[in-house]
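[1] After the sequence you'll find the predicted model.
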Amino acid sequence: MTYEFSRRIAGGKSLLLGALFLATLSGCALQPASQNNAASGSVVAGSEQGKPVDANLNGFLAQSNLGETLQLERSPWGNNVNVTADAPYFSASGRVCRKLTVQQVGRNDDQAAIACETANGSWAVRRQVTKALSNGGAL
């Protein structure tokens with residue numbers, strides 16, 4: 001075998017490996033979107049949407065401005081609470097969410113909560129993923 005022939009074989013192997021690598025990458029990039037009930041752009045699907053809220057709180061979350069407060073006789077956090085909404089933001093799941101401050105009427109301690117818009121446009125209360133981190137990792 002001559003030097004020139006072995007060099008062509010080595011070059012062909014490199015070219016073949018490069019083509020295989022590009023084909024693999026393009027196959028991953030061109031996967032069709034799944035047809036499930038997830039919200040557009042959301043990575044959260046199925047029943048992992050959170051606990052739905054009633055119509056009164058739903059309307060408040062959809063239309064209130066930063067800092068507005070709603071008093072609720074019944075809520076996911078108990079009876080007789082004031083709910084103050086922060087500005088809407090896009091979460092990592094791709095949905096619109098709002099941080100909420102919940103305070104029992106007549107008490108001074110606040111409770112933080114999160115509500116996110118679901119695929120059908122209604123709102124649901126979500127578990128705070130970062131809550132343990134704000135307490136130094138303690139549960």
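    Yep, it's here.
[2] Tell me where the protein has helices.
    Here the chain has its helices, by DSSP state H, at 3-29, 55-63, 131-134.
[3] By mean pLDDT, show me the worst of the ones you listed.
    Per-stretch mean pLDDT for the helices of the chain is lowest at helix 131-134 (a mean of 52).
[4] Show me the shaky parts of the chain.
    The model of the chain has pLDDT under 70 over residues 1-48, 129-139.
[5] Could you pull out the strands in it for me?
    51-52, 69-75, 78-85, 89-90, 96-104, 110-117, 123-126 (DSSP state E).
[6] and these, which is most packed in?
    Ranked by mean neighbour count under mean count of other CB atoms under 10 Å, the strands of the chain are led by strand 123-126, which reaches a mean of 20. Using the backbone N, CA and C atoms, a C-beta is placed for each residue, glycine as well.
[7] Can you list the strands that it pairs with?
    strand 51-52 (antiparallel), strand 110-117 (antiparallel) (DSSP bridges).
[8] any idea what sits nearest Trp123, other than its immediate chain neighbours?
    Excluding its sequence neighbours, the residue lying closest to Trp123 (CB to CB, 6 or more residues apart in numbering) is Leu61, at 4.4 Å.
[9] The one you found against Gly121, yeah?
    No. Counting by CB atoms under 8 Å, Leu61 does not reach Gly121; the two are 11.0 Å apart.
[10] Please identify which of those two sits among more neighbours.
    Leu61 (24 against 10; other CB atoms under 10 Å).
[11] what separates the more buried one from Val102, distance-wise?
    13 Å (CB to CB, to the nearest Å).
[12] Then Asn65?
    In terms of CB to CB, Asn65 sits 18 Å off from Val102.
[13] what do you get for Ile114?
    11 Å.
[14] Could you do Pro76 as well?
    9 Å.
[15] between those two, what contacts are shared?
    Ala113 (CB atoms under 8 Å, 6 or more residues apart in numbering).
[16] right, and Asn82 touches Arg107 too?
    No. Assessed by CB under 8 Å, Asn82 is found out of contact with Arg107, at 10.1 Å.
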